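In: Build me a model from this:
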Amino acid sequence: MDGGFPVDARGELLDVEGGAGPVSGARELQARIAETAELRSCLATQWFTFAFGRVPGDEDACTVEAARAALVGGGDALEALLLALATSDAFKLRKVVP
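Out: Numbering: from 1, shown residues only. Here you go, the predicted structure:
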């Protein structure tokens, strides 16, 4: 209830692979988002940004994709994604800018 009126928690998830459609409430929205491929790509990109201290560029596409694949292959365990980032060449070899 909000101000004595019932909250309409219905909505629709659009433009996502494997999760589009109507949702009712936060729990259903969370469950639907958790099933999408976009979530895994977003996690890989955001953790790359955190780990490397920069937004991934075109040259980082393979590293981000490997991290996403590790997340999927690791049963969605965050440790698999973090391990893939920490053991990547991009993490071990830093480019020095003059």
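
In: Kindly list the main-chain dihedrals of the nearest residue to residue 10 once chain neighbours are set aside?
Out: Leaving out its chain neighbours, the residue that sits closest to residue 10 by CB to CB, 6 or more residues apart in numbering is residue 24, at 5.0 Å. Quick note: C-beta positions are derived from backbone N, CA and C, even for glycine. Reported as degrees, to the nearest 10, the phi and psi values for residue 24 are phi -130, psi 100.

In: neighbours of residue 24, just the number please.
Out: Using other CB atoms under 10 Å as the criterion, residue 24 is surrounded by 11 other residues.

In: check contacts around it.
Out: Contact criterion CB atoms under 8 Å, 6 or more residues apart in numbering gives 9-11 as the residues in contact with residue 24.

In: chain center to the helix or strand hosting residue 29: distance?
Out: Using DSSP states H and E, the element containing residue 29 is helix 26-34. Here the centre of helix 26-34 is set off from its chain's centre by 14 Å, with CA atoms, centre = their mean, to the nearest Å.

In: ok, now stretch 51-62?
Out: Distance, stretch centre to chain centre, for stretch 51-62: 14 Å (CA atoms, centre = their mean).

In: end-to-end on it?
Out: Start to finish, the residues bounding stretch 51-62 are 16 Å apart (CA to CA, to the nearest Å).

In: What residues of it count as buried?
Out: 51-52, 56, 60 (16 or more other CB atoms under 10 Å).

In: can you tell me which of the residues you listed are in helices?
Out: 51-52 (DSSP state H).

In: any idea which of the buried residues of stretch 51-62 is closest to residue 42?
Out: Within the buried residues of stretch 51-62, distances to residue 42 taken as CB to CB reach their minimum at residue 56, with 12.0 Å.

In: what about that closest one, distance to residue 12?
Out: 30 Å (CB to CB, to the nearest Å).
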